[in-house]
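> Just to be clear, the model below is a prediction. Sequence and coordinates:
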Amino acid sequence: MNTMNPTVTSETGAGVVEDKVAPVKEERPAEAELEEGVTVGTPYSDDPKFKLRNVEVFYGESRAIKNISLDIARNEVIAFIGPSGCGKSTFLRCLNRMNDSIDICKVKGSLQLDDNDIYDPSRDVVELRARVGMVFQKPNPFPKSIYDNVAYGPRIHGLANRKSDLDDIVENSLRKAGLWNEVKDRLDATATGMSGGQQQRLCIARTIAVSPEVVLMDEPCSALDPIATAKVEELIAELSESYTIVIVTHSMQQAARVSHRTAYFHLGHLVEVNETNKVFTSPEHNMTESYITGRFG
Ligand SMILES: Nc1ncnc2c1ncn2[C@@H]1O[C@H](COP(=O)(O)OP(=O)(O)OP(=O)(O)O)[C@@H](O)[C@H]1O
């Protein structure tokens with residue numbers, strides 16, 4: 001007798017027992033295995049730059065972020081990892097209100113930067129984005145000269161009164177981005193003629209030119225080759241001395257190399273946050289372990 005999943009066909013109502021093929025095992029663990037609002041590990045900090053509580057994000061009726069609470073510490077590098085569609089970028093974009101431009105997107109909960117409400121309606125969003133800068137997946141320099149790309153932000157924020165002050169900001173930013181020696185003799189050349197890796201470091205220089213406190217990076221190396229990636233990773237290590245950095249990455253090796261803490265997201269939940277070394281050597285949650293060992297992705 002075949003005992004696999006016997007089931008009664010309701011259509012016939014005749015109590016006929018049929019064989020039913022066992023359902024295919026889901027590759028990703030089911031959401032039912034997660035307790036909403038519960039994050040294992042060390043999601044809180046004694047010295048938070050961001051204090052985020054009970055954050056939910058909706059796209060129309062669909063809830064993409066489900067009751068997440070997290071502190072991001074001053075001058076830490078924290079990596080957001082997790083399978084595609086788990087909400088890493090959505091959560092990252094809440095930190096400088098980049099989601100504001102998406103009409104159907106609604107953010108709920110308490111999100112504070114240095115104890116001030118990020119979503120206070122009276123907040124100047126341009127000023128917020130200068131404090132919390134962002135580097136995107138694809139390098140997106142303006143079709144202007146290298147100099148003008150870096151000078152753009154300081155000009156619109158009125159950070160330099162004299163040309164020499166602006167020159168200093170441009171040079172310092174390019175130095176910090178590890179690009180000065182490569183471009184100092186061609187500052188007037190158009191930025192779009194640079195290699196992809198140089199363009200991404202230029203975008204980092206452009207971000208830091210307005211003296212942000214935080215740099216958000218959304219898969220900053222996904223369009224770069226391994227050598228350009230290594231340069232950006234070195235840069236992240238240097239920048240972490242001065243800035244708080246939040247990086248979304250699909251590369252677990254990259255998270256392990258650059259971050260102090262790692263946050264593992266799954267289906268809009270924040271499952272685990274721990275010291276990066278712990279996440280990759282002895283994760284507390286079985287879902288984190290399944291993900292980092294490649295049992296699903
Ligand atoms: N502009 C949007 N409109 C509607 N739904 C969206 C939008 N952006 C993201 N979503 C949905 O929100 C959920 C989370 O997406 P998000 O891009 O934040 O995930 P992710 O973890 O960053 O994914 P990936 O690693 O693929 O970039 C997904 O279900 C996605 O389809």
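Done, it's in.

> Kindly report the residues of the protein close to the ligand.
Counting by CB under 6 Å from any ligand atom, the chain comes close to the ligand at 59, 64, 82, 84, 85, 86, 87, 88, 89, 90, 102. (Glycine included, C-beta is placed from N, CA and C.)

> what's near enough to touch the residue of the stretch 101-250 of the chain found nearest the ligand?
Residue of the stretch 101-250 of the chain nearest the ligand, by CB to the nearest ligand atom: residue 102 (4.8 Å). The neighbours of residue 102, taking CB atoms under 8 Å, 6 or more residues apart in numbering as the test, are residue 59.

> what's the answer for the one 4 residues further on, then?
Residue 106 is in contact with 57, 58, counting by CB under 8 Å, 6+ apart.

> got it, and residue 265?
Going by CB under 8 Å, 6+ apart, residue 265 touches 80, 81, 82, 86, 87, 88, 91, 271.

> Could I get the full set of strands for this structure?
In the chain, the strands defined using DSSP state E lie at 7-8, 17-18, 40-41, 48-59, 62-73, 77-81, 105-113, 116-117, 132-135, 214-218, 244-248, 261-266, 269-275.

> would a markdown table of those with mean pLDDT be doable?
Formatted as a markdown table, those follow (pLDDT from 0 to 100):
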| stretch | mean pLDDT |
| --- | --- |
| strand 7-8 | 36 |
| strand 17-18 | 43 |
| strand 40-41 | 98 |
| strand 48-59 | 98 |
| strand 62-73 | 98 |
| strand 77-81 | 98 |
| strand 105-113 | 98 |
| strand 116-117 | 98 |
| strand 132-135 | 96 |
| strand 214-218 | 97 |
| strand 244-248 | 98 |
| strand 261-266 | 98 |
| strand 269-275 | 98 |
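
> would you turn these into CSV with distance to residue 292?
Listed next are these as CSV, based on distance: least, CB to CB, whole Å:
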stretch, distance to residue 292
strand 7-8, 37
strand 17-18, 41
strand 40-41, 13
strand 48-59, 23
strand 62-73, 19
strand 77-81, 8
strand 105-113, 27
strand 116-117, 35
strand 132-135, 25
strand 214-218, 20
strand 244-248, 16
strand 261-266, 8
strand 269-275, 10
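
> can you tell which of these is closest to residue 284?
Closest to residue 284 of these, according to CB to CB: strand 40-41, at 4.6 Å.

> Would you list the strands that the closest one pairs with, along with their directions?
The strands beside strand 40-41 in its sheet (DSSP bridges) come out as strand 269-275 (parallel).

> buried sites along the partner strand?
269, 270, 271, 272, 273, 274 (16 or more other CB atoms under 10 Å).

> Also compute the angle for that strand relative to strand 62-73, please.
20 degrees (axes from the mean of the first three to the mean of the last three CA atoms, to 10 degrees).

> Which residues outside strand 269-275 are in contact with it?
Contacts for strand 269-275 (CB under 8 Å, 6+ apart): 31, 34, 36, 39-43, 66-70, 78, 82, 91, 260-265, 279, 283-285, 287-288.

> Also stretch 205-212?
With CB under 8 Å, 6+ apart as the contact definition, stretch 205-212 has outside contacts at 130-135, 141, 149-154, 157, 159, 169-170, 173-174, 176-177, 179, 215, 239, 243.

> Go again with 6 Å.
The contact list for stretch 205-212 (CB atoms under 6 Å, 6 or more residues apart in numbering) reads 130-131, 133, 135, 149-150, 153-154, 157, 169, 173-174, 176-177, 179, 215.

> Please apply the same query to stretch 283-291.
29, 40, 41, 264, 266, 271, 272.

> farthest pair in the residues you listed?
Greatest spacing in these, by CB to CB: 29 and 41 (17.3 Å).

> Compare those two (neighbour count), which wins?
Neighbour count, other CB atoms under 10 Å: between residue 29 and residue 41, residue 41 has more, with 21 against 17.

> sorry, back to before: tabulate the buried residues of strand 269-275 (JSON lines), appending distance to residue 226.
Formatted as JSON lines, the buried residues of strand 269-275 follow (distance: CB to CB, whole Å):
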{"residue": "269", "distance to residue 226": "32"}
{"residue": "270", "distance to residue 226": "30"}
{"residue": "271", "distance to residue 226": "29"}
{"residue": "272", "distance to residue 226": "28"}
{"residue": "273", "distance to residue 226": "28"}
{"residue": "274", "distance to residue 226": "27"}
